[in-house]
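Undergrad: Provided below for reference: sequence and predicted model.
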Amino acid sequence: MYFFESPGLVRRFTPSVIWQIKTRKKKLFLTFDDGPNPESTPGVLSLLNSFNIPATFFCTGKNVLQNRHLYDKILEDGHTTGNHSFDHIDAWKTSRKFYLENVTNAAEVIQSSLFRPPYGRLTPMTYQYLKKKYQIIMWSLLSYDFDPDIDTLKIIKTFQEKTLPGSIWLFHDSNKAKVKLHKTLPFLIECYLQKGFVFESIDFNKLKG
């Protein structure tokens, strides 16, 4: 079973986590995970530039160190960034100490108060610690652009049916997601721009304000 939307029970027990931006205005928040990636991120930046819209990139520290010029380009283009750990590790499969050290290592190269856990997974202890230092951002809709078994039409149909004002869309600027992303995202962006929606990046200061 694919959960394009996170189960309501999960949201209920994580009150400090942002799954949806509270707004009645026609605003959407496009996010990308796992980059920067030299095979995918330049194309994503070009796509965003063609529509003149901002996004938020949740980057891994390792990829930032390997592709610093791309990380700088993300910021130069007016997008915001967030911490996605250093090595894209799973909080359910590592010790709390190691996980938090990994996030701290990423923070040395990603100056952001936003955090998104890889795989959307946190333990109760890591959640309690990280919510004090970061605004934890999850998603309203997960595209599964990395999954070869998901049909592109299924992604488009689900997003069209489930998107609401304030929805946070999650795509990936990674090799696995590259083809499917470019088959679905341009269509969805154009569709919602025509409906009068605007895209905004996620800004920590606005969230806290």
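TA: Arrived safely. Numbers count the residues shown, from 1 in each chain.
Undergrad: all strands for the protein, in order.
TA: With strands called from DSSP state E, the chain shows them at 27-33, 56-59, 80-83, 114-115, 135-136, 141-142, 168-172, 198-199.
Undergrad: please save the CA atoms from the third one in PDB.
TA: So the one you mean is strand 80-83. The C-alpha trace of strand 80-83 is given here as PDB (Å, rounded to 0.1, in the frame of the first residue of the first chain):
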ATOM      1  CA  THR A  80      15.500  27.800   0.800                       C
ATOM      2  CA  THR A  81      17.200  24.700   2.200                       C
ATOM      3  CA  GLY A  82      16.800  22.300   5.100                       C
ATOM      4  CA  ASN A  83      18.800  19.700   6.900                       C
END
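Undergrad: which elements pack onto it?
TA: If you count contacts as 3 or more C-beta pairs under 8 Å, 6 or more residues apart in numbering; DSSP states H and E, strand 80-83 packs onto strand 56-59, helix 68-76, helix 96-107, strand 114-115. (Each C-beta comes from the backbone N, C-alpha and C, glycine too.)
Undergrad: got any ranges where this protein has weak pLDDT?
TA: Within the chain, the stretches with pLDDT under 70 are 1-13, 206-209.
Undergrad: report the longest helix in it, please.
TA: helix 178-194 (DSSP state H).
Undergrad: off-centre distance for that helix?
TA: 16 Å (C-alpha atoms, centre = their mean, to the nearest Å).
Undergrad: repeat that for stretch 36-53.
TA: 14 Å.
Undergrad: can you check stretch 85-104 too?
TA: 18 Å.
Undergrad: only the buried residues of that stretch, if you could.
TA: For stretch 85-104, a neighbour-count test (16 or more other C-beta atoms under 10 Å) marks S85, F86, D87, H88, I89, A91, T94, Y99, L100, N102, V103 as buried.
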